[in-house]
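Colleague: generate a structure from the sequence data that follows.
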Amino acid sequence: MKTKPNISKVRNIGIIAHIDAGKTTVTERILYYTGRSHKIGEVHDGEAVMDWMPDEQERGITITSAVTTCHWQNTEIHIIDTPGHVDFTIEVERSLRVLDGAIGVFSAVEGVEPQSETVWRQADKYRVPKIAFINKMDRIGADYFGTIEMMKKRLNAKPLILQLPVGEGENFAEIIDLIEMQQIQWDAQMLGATYQMEDIAPNHLQNAQKYREQLIETVAEYDDELMEAYLTDAPIDTAKIYAAIRKATINLKLVPVLCGSALRNKGIQPLLDAIARFLPSPIEVPPIKGVHPETGETIECKARDSAPLAALIFKVFMMEGRRLSFVRVYSGKMRVGAAVYNPSRHLSEKLSRILMMHANKRERVEEAGAGSIVGVVGLKESSTGETLCSPEHPVLLEKIEFYEPVISVAIEPKTRADQEKMDEVLDKFMAEDPTLRVKKDEDTGQTILSGMGELHLEIITSRMQREFKTNVNVGKPQVVYREAIESRSTASAVFDKEIAGQRHYSEITLNISPLSRGSGNRFKSEISQEKLPQLFIDTVEKGAMESLESGPLLGYPVVDVEISLTGVNHKESLSTELAYTVSASRACQKALAGGRPYLLEPIMNTEVFVPEAFMGDVIGDLNARNGKIESIEHKAGTQLIKATVPLSRMFGYSTSLRSATQGRGTFTMQFSHFDRS
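Modeller: Prediction:
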């Protein structure tokens with residue numbers, strides 16, 4: 001059995017970026033140079049280790065976040081390679097929730113792209129220290145300093161330049177290390193596995209000295225000892241510079257910036273050094289806090305094996321028909337065969353296996369200690385975002401927030417045998433993916449699948465056929481609307497019925513008022529507990545809030561309303577919870593119908609990159625789709641058009657854009673908000 005590394009030598013990191021910035025290529029090089037894999041797998045050949053699903057290999061994109069472990073200079077690095085496509089943002093969200101550090105990969109040509117911004121902000125939300133790696137320095141149009149300026153402007157980051165590229169585009173050859181003041185040269189014959197540190201070429205020395213001065217001046221702002229040495233012109237030891245950068249990075253003050261070309265095998269070893277040097281171990285980040293499930297008192301979970309167990313399930317995946325749960329252990333130890341307690345569901349489960357993951361391959365281990373990210377087999381009920389702890393020391397960690405779907409398709413089984421399998425398969429997918437919703441349309445009998453985008457739903461239906469041999473007919477994508485009301489409305493409802501020999505009676509009056517956009521739904525009671533016991537007030541709230549899930553216009557969820565319980569006729573012996581649930585639902589539906597309901601549709605933030613010659617046609621097309629142009633920016637020979645467009649008008653846009661720009665235009669789209677249609 002392998003010996004467990006010192007927790008101070010563990011790094012839990014994620015690789016985050018916009019689609020096609022090179023995340024998976026960077027990960028493949030890391031695995032090769034650390035000896036984890038013995039062949040470089042290329043994304044464009046469909047051979048990347050981390051993109052192991054058939055759909056990922058076919059499309060050349062990452063769909064599901066994959067976990068692996070590798071070793072570099074006495075440091076154990078757990079890596080999660082996350083998707084870059086906006087439809088799979090939840091994969092990034094739940095990965096960042098359990099990570100201690102992140103590598104933001106940027107393309108030197110495109111710079112900071114929309115999804116780069118999204119994932120960076122997600123990392124900021126969870127206070128994850130970051131390193132930036134500016135990739136694709138070998139591509140025509142690469143702009144190292146332009147990308148750094150975009151980081152400042154778009155991400156509100158404070159980049160710290162640690163390296164300078166020697167040449168850009170086709171001329172990119174080597175990298176200057178500003179801390180060691182050395183020039184790094186890679187051996188192309190050895191696929192970049194060997195490299196030499198040399199003196200900086202005389203024609204680059206002055207520029208390197210200038211940027212090193214800036215580096216020390218920036219870091220000195222966060223380290224008194226370094227500041228004193230800098231001000232007195234005393235010699236500065238490189239070990240002190242490394243220590244000061246580490247401290248500022250972990251405290252989220254600075255973002256170290258490195259560069260290279262993963263595809264050309266340049267820049268990866270210094271990136272690995274930076275991961276070990278600058279990103280925190282599990283004991284260097286603030287201990288995660290939870291609450292006692294019964295008393296509500298705050299509990300601090302320190303990253304120690306000797307502490308009580310506190311772990312979070314951040315992902316569930318069906319692998320070879322088995323339910324595999326990905327778990328981050330924050331404190332304590334998990335052991336094979338031991339019972340763990342799930343305080344969300346008030347149940348105990350047994351761990352039958354603990355696995356160290358390497359994409360879709362795995363290695364059995366007997367235990368996992370604080371700081372570990374592992375796969376667990378044996379959890380039958382526990383799901384994504386739930387806590388595992390010891391029964392003697394229950395703790396509830398903060399849940400993961402999930403996104404609401406914006407697009408739907410209708411699916412029907414092709415045969416009776418497919419019908420039987422379909423519901424079971426969809427249950428498995430919903431256990432895996434919290435952004436996927438399934439419901440039955442009572443009128444048509446169809447199953448409605450809702451998700452984050454066209455690609456998201458396309459992948460789900462493809463996996464149904466590929467992995468589970470379930471054949472379905474898929475309808476055209478439909479927008480998932482919301483409903484809201486314009487005016488206040490009051491309605492009453494009476495329920496008086498005898499069921500199984502018992503009479504159930506209730507009569508209530510509800511008042512429904514519109515709230516400002518984005519306020520959510522609220523319930524309040526104007527009835528005192530003397531007049532109606534709290535149990536029944538809670539029952540009314542439950543019935544009314546559940547009825548908001550299907551609005552009066554087209555059955556979409558109702559948003560931004562306040563429901564007030566204003567009147568009640570309570571009969572002590574006859575009024576029951578069932579009666580109040582039904583009357584609350586009826587009164588709510590009546591009041592909604594009288595509140596002048598209207599539809600809200602999803603509005604998408606859209607960014608279109610287009611050559612200048614086609615600007616007029618593209619803007620005209622966006623206007624025809626009811627788009628609002630917000631800004632136009634000039635960027636590296638192309639124009640960047642930012643607009644907000646209703647999702648319903650964006651189906652088939654990629655085909656229109658290609659034909660309007662001779663195949664040279666590209667666009668990205670992500671959900672912004674709901675607005676009146």
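Colleague: could you point out the longest strand of this protein?
Modeller: Looking across the chain with DSSP state E, the single longest strand is strand 597-611.
Colleague: next SSE downstream of that strand?
Modeller: Sequence-wise, the next helix or strand beyond strand 597-611 is helix 615-624, with elements assigned using DSSP states H and E.
Colleague: give me the pLDDT for residue 84.
Modeller: In the prediction, the pLDDT value recorded for residue 84 is 46.
Colleague: what ranges of the stretch 1-150 of the chain fall below the confidence cut-off?
Modeller: Along the stretch 1-150 of the chain, the model assigns pLDDT under 70 to residues 1-5, 37-66, 82-92, 94.
Colleague: please enumerate the helices of it.
Modeller: If DSSP state H, counting those that start in this stretch is used as the criterion, the helices of the stretch 1-150 of the chain fall at 23-33, 54-59, 89-96, 114-125, 144-155.
Colleague: Throw those into CSV and include distance to residue 73 and mean neighbour count, thanks.
Modeller: To be clear about C-beta, it is placed using only N, CA and C from the backbone, and glycine gets the same treatment. CSV is the format used below for the helices of the stretch 1-150 of the chain (distance: least, C-beta to C-beta, whole Å; neighbours: other C-beta atoms under 10 Å):
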stretch, distance to residue 73, mean neighbour count
helix 23-33, 11, 26
helix 54-59, 30, 16
helix 89-96, 24, 25
helix 114-125, 25, 20
helix 144-155, 27, 18
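Colleague: any idea which of those helices gets closest to residue 467?
Modeller: Ranking those by proximity to residue 467 (C-beta to C-beta) places helix 54-59 first, at 8.4 Å.
Colleague: circling back to that earlier point, so for the longest strand of the chain, mean pLDDT?
Modeller: For strand 597-611, the mean per-residue pLDDT is 88.
Colleague: starting at the chain centroid, how far to that strand?
Modeller: 21 Å (C-alpha atoms, centre = their mean, to the nearest Å).
Colleague: next, the angle from it to helix 114-125.
Modeller: Counting by axes from the mean of the first three to the mean of the last three C-alpha atoms, to 10 degrees, strand 597-611 lies at 120 degrees to helix 114-125.
Colleague: how far off helix 615-624 does strand 597-611 point, in degrees?
Modeller: If you take the same axes, to 10 degrees, strand 597-611 sits at 170 degrees to helix 615-624.
Colleague: partner strands of strand 597-611, parallel or antiparallel?
Modeller: The sheet places strand 597-611 alongside strand 482-485 (antiparallel), strand 638-646 (antiparallel), strand 666-676 (antiparallel), with pairing taken from DSSP bridges.
Colleague: so of these, which one's packed in deepest?
Modeller: Mean neighbour counts were taken over the strands paired with strand 597-611 using mean count of other C-beta atoms under 10 Å, and the top value, a mean of 22, falls to strand 482-485.
Colleague: how distant is that strand from the center of its chain?
Modeller: Using C-alpha atoms, centre = their mean, the distance between the centre of strand 482-485 and that of its chain works out at 28 Å.
Colleague: do stretch 136-145 as well
Modeller: 27 Å.
Colleague: and for stretch 244-260?
Modeller: Taking C-alpha atoms, centre = their mean, one finds the center of stretch 244-260 at 22 Å from the center of the full chain.
Colleague: and for stretch 499-510?
Modeller: On the basis of C-alpha atoms, centre = their mean, stretch 499-510 is displaced by 46 Å from the centre of the chain it belongs to.
Colleague: just stretch 649-661 next, same as before
Modeller: 27 Å.
Colleague: now do the buried residues in it.
Modeller: Under the neighbour-count criterion of 16 or more other C-beta atoms under 10 Å, stretch 649-661 has 649, 650, 651, 653, 656, 657, 660, 661 buried.
Colleague: again with stretch 468-475
Modeller: Along stretch 468-475, these residues count as buried under the neighbour rule (16+ other C-beta under 10 Å): 468, 470, 472, 474.
Colleague: what's next to it, contact-wise?
Modeller: Outside of stretch 468-475, the residues that reach it under the criterion C-beta atoms under 8 Å, 6 or more residues apart in numbering are 409-415, 418, 421-422, 425, 428, 446, 457, 461, 464-465.
Colleague: so for it, what's the average pLDDT?
Modeller: So the average pLDDT for stretch 468-475 ends up being 82.
Colleague: follow-up on the earlier one: among the strands paired with strand 597-611, which is nearest residue 275?
Modeller: Proximity to residue 275, assessed across the strands paired with strand 597-611 by C-beta to C-beta, is greatest for strand 666-676 (28.2 Å).
Colleague: what residues does residue 117 make contact with?
Modeller: By C-beta under 8 Å, 6+ apart, residue 117 lies in contact with 154, 155.
Colleague: try 6 Å this time
Modeller: For residue 117, the contacting residues are residue 154, taking C-beta atoms under 6 Å, 6 or more residues apart in numbering as the criterion.
Colleague: and it, how far is that from residue 668?
Modeller: 10 Å (C-beta to C-beta, to the nearest Å).
Colleague: residue 280 now?
Modeller: Taken as C-beta to C-beta, the span from residue 280 to residue 668 is 31 Å.
Colleague: check residue 648 too.
Modeller: Applying C-beta to C-beta, the value for residue 648 to residue 668 is 18 Å.
Colleague: got the confidence number for the closest residue to residue 605 other than its chain neighbours?
Modeller: When the adjacent residues along the chain are set aside, residue 605 lies closest to residue 672, with 4.4 Å between them (C-beta to C-beta, 6 or more residues apart in numbering). What the model reports as pLDDT for residue 672 is 83.
Colleague: for residue 487, give me its contacts.
Modeller: By C-beta under 6 Å, 6+ apart, residue 487 lies in contact with 595, 596.
Colleague: do residue 223 as well
Modeller: When contacts are counted by C-beta under 6 Å, 6+ apart, residue 223 touches residue 244.
Colleague: shaky segments in the stretch 351-500 of the chain?
Modeller: Scanning the stretch 351-500 of the chain with the threshold set as pLDDT under 70 gives 359-360, 400, 402-403, 441-445.
Colleague: now stretch 312-322: how far from the chain's centre is it?
Modeller: Here the centre of mass of C-alpha atoms in stretch 312-322, compared against the chain's by C-alpha atoms, centre = their mean, lies 17 Å away.
Colleague: next: stretch 119-135.
Modeller: When C-alpha coordinates are averaged (C-alpha atoms, centre = their mean), stretch 119-135 and its chain have centres 12 Å apart.
Colleague: show me where the stretch 201-350 of the chain has its strands.
Modeller: For the stretch 201-350 of the chain, applying DSSP state E, counting those that start in this stretch gives strands covering 255-259, 288-291, 298-301, 310-319, 322-331, 334-335, 339-342, 347-350.
Colleague: nearest to residue 569, of the helices of the stretch 1-150 of the chain?
Modeller: Between residue 569 and the helices of the stretch 1-150 of the chain, the shortest separation by C-beta to C-beta is 45.6 Å, and it involves helix 89-96.
Colleague: CSV for the helices of the stretch 1-150 of the chain, including distance to residue 251?
Modeller: Supplementary listing: the helices of the stretch 1-150 of the chain in CSV, determined by distance: least, C-beta to C-beta, whole Å:
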stretch, distance to residue 251
helix 23-33, 25
helix 54-59, 36
helix 89-96, 18
helix 114-125, 13
helix 144-155, 17
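Colleague: of those helices, which is nearest residue 322?
Modeller: Among the helices of the stretch 1-150 of the chain, the nearest to residue 322 by C-beta to C-beta is helix 54-59 (18.5 Å).
Colleague: helices - which of the buried residues of stretch 649-661 land there?
Modeller: Restricting these to those inside helices, with DSSP state H as the criterion, leaves 653, 656, 657, 660.
Colleague: could you report the distance from residue 221 to residue 654?
Modeller: With the distance defined as C-beta to C-beta, residue 221 ends up 46 Å from residue 654.
Colleague: if anything else comes up later, I'll come back, but that's it for now.
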